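**Q** sequence? don't have it. structure:
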C-alpha cells in the first residue's frame, strides 16, 4: 500500500513541477534560461527507488512532456530515461548523503540530458547548433539546477529516505556485497 501512495505522490509532484516549469519559472529566467526540474525529479527517483523505476518514470514523464510541448515525440523520453539510469548508477557508486555530491550528480545529469537532447535533434533535423551559445545555455542551466538542488536538498533527503526505506528496506550493506 505504501508503494502505491509513493507512486501517486511522484505523479502529483510531476504535475506540480510541470505547472511550476510552465508558469512560475518563465518569470525567473537567468539570461533567458529556465531550470529543468524534470531532470532533478527523475534523478531523485533513480537515486532513491529501485533499479528500474527511474528509467520507467523518466520515459513516461518524457513522453508526457513531449506530448504537451509538441516537440518531436520521444526525444525527451529517451533522455529522461537515460537520466533515470544515471541516477541508478550514481546510487550504486556514490553516497547521496553529501550535499556537494548530489549537486554534482544534478549538474552531470543536466549536462547529459541537454547534450543528448540537442545531439538527437541535430541528427533528426540536421539543425546547426552554435557551439558557444549552446555551452553558455548549458552552463547556466546546470548552475540553475544546482541552486534549486541546494534549496530543495532537505526535502529531497527526507522524502528520499522514506522512499528508499520502502523500496530497498534497510539492506544497506547487502547492496555492496
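**A** Okay, I see it. On a predicted model such as this, the values are computed, not experimentally measured, just so you know. Numbering: from 1, shown residues only.
**Q** residues of the lengthiest helix in the chain that come out buried?
**A** For the chain, the longest helix by residue count, based on DSSP state H, is helix 131-168. Under the neighbour-count criterion of 16 or more other CB atoms under 10 Å, helix 131-168 has 137-138, 140-142, 144-146, 148-149, 152, 156-157, 159-160, 163-164, 168 buried. The C-beta positions use only the backbone N, C-alpha and C, and glycine is treated the same way.
**Q** On the three-state scheme, residue 26 is what?
**A** coil (DSSP: H, G, I helix; E, B strand; the rest coil).
**Q** what sits against the nearest residue to it once chain neighbours are set aside?
**A** With CB to CB, 6 or more residues apart in numbering as the criterion, residue 26 has its nearest non-adjacent residue at 6.7 Å, and that residue is residue 34. For residue 34, the contacting residues are 21, 25-26, 28, 141, 144, by CB atoms under 8 Å, 6 or more residues apart in numbering.
**Q** Let me have the residues you listed in a markdown table, extended by distance to residue 45 and pLDDT.
**A** Listed next are these as a markdown table, based on distance: CB to CB, whole Å; pLDDT from 0 to 100:
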| residue | distance to residue 45 | pLDDT |
| --- | --- | --- |
| 21 | 17 | 87 |
| 25 | 20 | 81 |
| 26 | 25 | 79 |
| 28 | 24 | 80 |
| 141 | 20 | 92 |
| 144 | 20 | 92 |
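**Q** quick check, nearest of those residues to residue 107?
**A** residue 141 (9.4 Å; CB to CB).
**Q** thinking the closest one is in contact with residue 113, fair?
**A** No. Counting by CB atoms under 8 Å, residue 141 stays clear of residue 113, with 9.1 Å between them.
**Q** Identify the contacts common to these two.
**A** Counting by CB under 8 Å, 6+ apart, the residues touching both residue 141 and residue 113 are residue 36.
**Q** Assign the spatially most central residue of the chain to helix, strand or coil.
**A** Residue closest to the average C-alpha location in the chain (CA atoms, centre = their mean): residue 39, at 2.0 Å. Three-state call for residue 39 (three-state DSSP): helix.
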